[in-house]
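Enquirer: Okay, sequence plus prediction incoming.
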Amino acid sequence: MDQVNLTAWEGRTDTQRGGVSEQLAAQLHATLGNPRDAAPVQGDVLPALWHWCAFPPTTPMSELGADGHPYLGGFLPPVRLDRRMWAGGALQFGAPLRVGERLEKRSSIRSVLEKAGAAGPMVFVTVDHAIYGESGLAISERQDIVYLAIPDSYTPPKKRAMPSSSDVHTTRSTSETLLMRYSAVTFNAHRIHYDLPYTQNVEHYPGLVVHGPLQATLLMQTATTHKGRMPQHFDFRGVHPMFAGETLEIMATQDDPETLSMVTGTGGHQCMQATAIWEGTV
């Protein structure tokens, strides 16, 4: 990548402090929650994956790239590929986090791997995050980021059929308003989620892209509702883009008493795969 040794970024660290205030929790609940339930208030347990809103980027406007992301080369390596995707991740949950609690995120770059794929060069960056609350370590997380060149036209990946049956089957609309609100509560300025002319004319997607973390959060909500409590382990990976206006389906299959295999999908094909695992009973 332009003679830059990207592996030199391996081992870099970063620490951020943040939290989810009662007001932000109310905004998240208004965006993602069941309207029949009350929004979490100060001291309540934070629903799983809402910590993704706890550390909003505060990069000045002058330091944002054309896609809305911060320029690379600080904590993340200066990859010379213009399409960035949060491809997947894995989380292990310990002590619960709470609304209003002071949180700290300690991040480190585990690996930077350059590959040549069928569509051209690719760079995979794996980042480890440790989320601490006032009671200590609460979440250990792996984040997988992939960088690609923007193609001249949209060529979708190979489609994988949705399961023929499942133990859980729900649907959710993916309106432009939902995408805007989720971008707002995460302070995510990536233009593929709200700027249709940019999305179609620059990145050559057919429509606004539904956030991967949003899909993962909806999968986690389904798992928690199905079991009655949040899992101790959760992993996910995107396999196909989903676009605004499509009906998001969630299907889940109970593999054994402690494991739930899940997918999001639309139009009969999968978009995200996930696994939720519980450790014994409470």
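Expert: Here it is on my side, so go on.

Enquirer: all contacts plus neighbour counts: C-alpha atoms, from now on.
Expert: Will do.

Enquirer: can you give me the helices in the stretch 51-200 of the chain?
Expert: 176-186, 196-201 (DSSP state H, counting those that start in this stretch).

Enquirer: For the next helix or strand after the last one, C-alpha coordinates in PDB please.
Expert: Proceeding C-terminally, helix 196-201 gives way to helix 212-227 as the next helix or strand, assigned by DSSP states H and E. Output for helix 212-227, consisting of C-alpha atoms alone and laid out as PDB, is shown next (Å, rounded to 0.1, in the frame of the first residue of the first chain):
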ATOM      1  CA  GLY A 212     -23.700  -4.000  10.200                       C
ATOM      2  CA  PRO A 213     -23.700  -3.000  13.900                       C
ATOM      3  CA  LEU A 214     -27.400  -2.200  13.700                       C
ATOM      4  CA  GLN A 215     -28.100  -5.600  12.300                       C
ATOM      5  CA  ALA A 216     -25.900  -7.200  15.000                       C
ATOM      6  CA  THR A 217     -27.800  -5.200  17.700                       C
ATOM      7  CA  LEU A 218     -31.200  -6.400  16.400                       C
ATOM      8  CA  LEU A 219     -29.900 -10.000  16.400                       C
ATOM      9  CA  MET A 220     -28.700  -9.600  20.000                       C
ATOM     10  CA  GLN A 221     -32.100  -8.200  21.000                       C
ATOM     11  CA  THR A 222     -33.800 -11.300  19.500                       C
ATOM     12  CA  ALA A 223     -31.400 -13.600  21.300                       C
ATOM     13  CA  THR A 224     -31.900 -11.900  24.600                       C
ATOM     14  CA  THR A 225     -35.700 -11.900  24.200                       C
ATOM     15  CA  HIS A 226     -35.800 -15.600  23.200                       C
ATOM     16  CA  LYS A 227     -33.700 -16.700  26.200                       C
END
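
Enquirer: Dump stretch 124-140 to PDB, restricted to CA.
Expert: Only the C-alpha atoms of stretch 124-140 are listed here, as PDB (Å, rounded to 0.1, in the frame of the first residue of the first chain):
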ATOM      1  CA  PHE A 124      -8.000  -6.900   7.100                       C
ATOM      2  CA  VAL A 125      -7.500  -5.000  10.400                       C
ATOM      3  CA  THR A 126      -8.400  -6.800  13.600                       C
ATOM      4  CA  VAL A 127      -8.800  -4.600  16.700                       C
ATOM      5  CA  ASP A 128      -9.300  -5.800  20.300                       C
ATOM      6  CA  HIS A 129     -11.300  -3.700  22.700                       C
ATOM      7  CA  ALA A 130     -11.600  -4.100  26.500                       C
ATOM      8  CA  ILE A 131     -14.600  -2.200  27.900                       C
ATOM      9  CA  TYR A 132     -14.300  -1.300  31.600                       C
ATOM     10  CA  GLY A 133     -17.100  -0.100  33.900                       C
ATOM     11  CA  GLU A 134     -16.900   1.000  37.500                       C
ATOM     12  CA  SER A 135     -16.800  -2.600  38.600                       C
ATOM     13  CA  GLY A 136     -14.000  -3.600  36.300                       C
ATOM     14  CA  LEU A 137     -13.800  -5.400  32.900                       C
ATOM     15  CA  ALA A 138     -17.200  -5.800  31.400                       C
ATOM     16  CA  ILE A 139     -16.700  -6.700  27.700                       C
ATOM     17  CA  SER A 140     -13.900  -8.200  25.700                       C
END
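
Enquirer: same question for that stretch, mean pLDDT?
Expert: The average pLDDT within stretch 124-140 is 97.

Enquirer: Strands of this structure, residue ranges please.
Expert: Here the chain has its strands, by DSSP state E, at 13-18, 83-93, 103-117, 120-133, 136-148, 168-172, 233-238, 248-256, 259-266, 269-277.
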